[in-house]
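Undergrad: coords please:
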Amino acid sequence: MAEVRAEMVSNVWKVVVREGDPVSEGDTLVILESMKMEIPVLAEDEGVVTQIKVAEGDVIQEGDLIAVIE
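TA: Have a look, this model is predicted:
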């Protein structure tokens with residue numbers, strides 16, 4: 001199981017994957033927006049997205065859980 005966490009304070013601009021989606025290493029999970037920059041959050045492991053913990057428009061803090069991949 002891999003937990004994907006936020007690396008900085010940002011807004012969730014777009015959620016790209018849904019729970020149940022298979023992902024490969026390097027696939028984009030969500031796109032964050034911070035200081036007018038779009039920052040893709042990538043899967044670090046191959047697996048299936050079992051949980052998405054954010055929604056578009058959410059403001060997240062550094063260390064917040066974004067998704068779980070199993």
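Undergrad: endpoints of stretch 43-62, how far apart?
TA: For stretch 43-62, the first-to-last residue distance is 17 Å (CA to CA, to the nearest Å).
Undergrad: what do you get for stretch 41-55?
TA: In stretch 41-55, first residue to last residue: 14 Å (CA to CA).
Undergrad: quick one: it to chain centroid distance?
TA: Its chain's C-alpha centre and that of stretch 41-55 lie 6 Å apart, by CA atoms, centre = their mean, to the nearest Å.
Undergrad: buried stuff in that stretch?
TA: Neighbour counts over stretch 41-55 (16 or more other CB atoms under 10 Å) mark 41, 43, 47, 49, 52, 54 as buried. Quick note: C-beta positions are derived from backbone N, CA and C, even for glycine.
Undergrad: now, which of those residues sits nearest residue 12?
TA: The closest of those to residue 12 turns out to be residue 54 (CB to CB; 4.7 Å).
Undergrad: ignoring the adjacent residues along the chain, who's closest to that closest one?
TA: By the measure of CB to CB, 6 or more residues apart in numbering, the closest residue to residue 54 outside its immediate chain neighbours is residue 12, 4.7 Å from it.
Undergrad: then residue 53?
TA: residue 65 (4.7 Å).
Undergrad: how much space separates that neighbour from residue 36?
TA: Distance, residue 65 to residue 36, using CB to CB, to the nearest Å: 25 Å.
Undergrad: give the contact list for the residue nearest to residue 53.
TA: Applying CB atoms under 8 Å, 6 or more residues apart in numbering, we find residue 65 in contact with 3-5, 53.
Undergrad: again, only using 10 Å
TA: 3-6, 51-54 (CB atoms under 10 Å, 6 or more residues apart in numbering).
Undergrad: what do you get for residue 17?
TA: Contact analysis of residue 17 by CB under 10 Å, 6+ apart lists 23, 27-30, 43, 48-49, 52, 67, 69.
Undergrad: and it, which of the three is it?
TA: Recorded secondary structure, residue 17: coil (DSSP: H, G, I helix; E, B strand; the rest coil).
Undergrad: ok, the contacts of residue 65 vs residue 18, which is closest?
TA: residue 52 (6.9 Å).
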